[in-house]
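Enquirer: here are the coordinates; sequence isn't available:
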């Protein structure tokens, strides 16, 4: 997409915020995903969510399009936990979603305020930092309260420790 240059793009118009700014793009993607057959083989994961209202809005759109297509089932809808706000709101998000997935790379850099691509800082972005582990624990506890599963992606997912 031709987006304007941003001073700090990782904190700018990304993920769910882009979907809010350009809803026609997300609507097209949701309609396309509903064409998967069988639809229950598909999972939709929302990036950069920070508020329950963002999730509820997308769930409403997905349900509307499923109804338009006469579908009795819809894909599972999940949230990528990649910003500290989402980890802190995990219990409330889990109440309205089918699953959560922890994006350890972004969650690490946002929690530690260190760019993982910065040559002088990348080695210090530690996915096992106690603050990050607390956010992961809080996410898992919140998901457990609503019987939701939690996935892990990013570098930490492949770390045997």
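Expert: Sure thing, it's come through. Predicted model, so just to flag it, every value in this text is computed and none were measured.

Enquirer: which residues does residue 3 contact?
Expert: Residue 3 makes contacts with 13, 18, as judged by CB atoms under 8 Å, 6 or more residues apart in numbering. Quick note: C-beta positions are derived from backbone N, CA and C, even for glycine.

Enquirer: Flag the shaky bits of the chain, pLDDT-wise.
Expert: Scanning the chain for pLDDT under 70 picks out 122.

Enquirer: measure the closest residue to residue 157 other than its chain neighbours to residue 89 for me?
Expert: The spatially closest residue to residue 157, leaving aside those adjacent along the chain, is residue 104, at 6.6 Å (CB to CB, 6 or more residues apart in numbering). Distance, residue 104 to residue 89, by CB to CB, to the nearest Å: 18 Å.

Enquirer: higher neighbour count, the two?
Expert: residue 104 (25 against 21; other CB atoms under 10 Å).

Enquirer: Now for the more buried one: which residues touch it?
Expert: Contacts here follow CB under 8 Å, 6+ apart; on that basis residue 104 touches 127, 132, 136, 152, 153, 154, 155, 156, 157.

Enquirer: Quick check: phi and psi on the last one?
Expert: The phi/psi pair for residue 157 (degrees, to the nearest 10) reads phi -60, psi -30.

Enquirer: Then the fifth one?
Expert: With angles defined as degrees, to the nearest 10, residue 153 sits at phi -130, psi 170.

Enquirer: Bridge partners for it, pull those for me.
Expert: residue 103 (DSSP bridges).

Enquirer: measure it to residue 101 for me?
Expert: Per CB to CB, residue 153 is found 6 Å from residue 101.

Enquirer: if you count what's nearby, which of those two comes out ahead?
Expert: residue 101 (21 against 16).

Enquirer: how about that one, phi and psi?
Expert: Dihedral angles (degrees, to the nearest 10) for residue 101: phi -140, psi 130.

Enquirer: Make 546 the starting number, not 1.
Expert: Fine by me, first position is 546 from now on; the one you just mentioned is residue 646.

Enquirer: and it, what does it touch?
Expert: Listed by CB under 8 Å, 6+ apart, the contact set of residue 646 reads 590, 623, 624, 625, 626, 695, 696, 697, 698.

Enquirer: Please consider this matter closed, and thank you.
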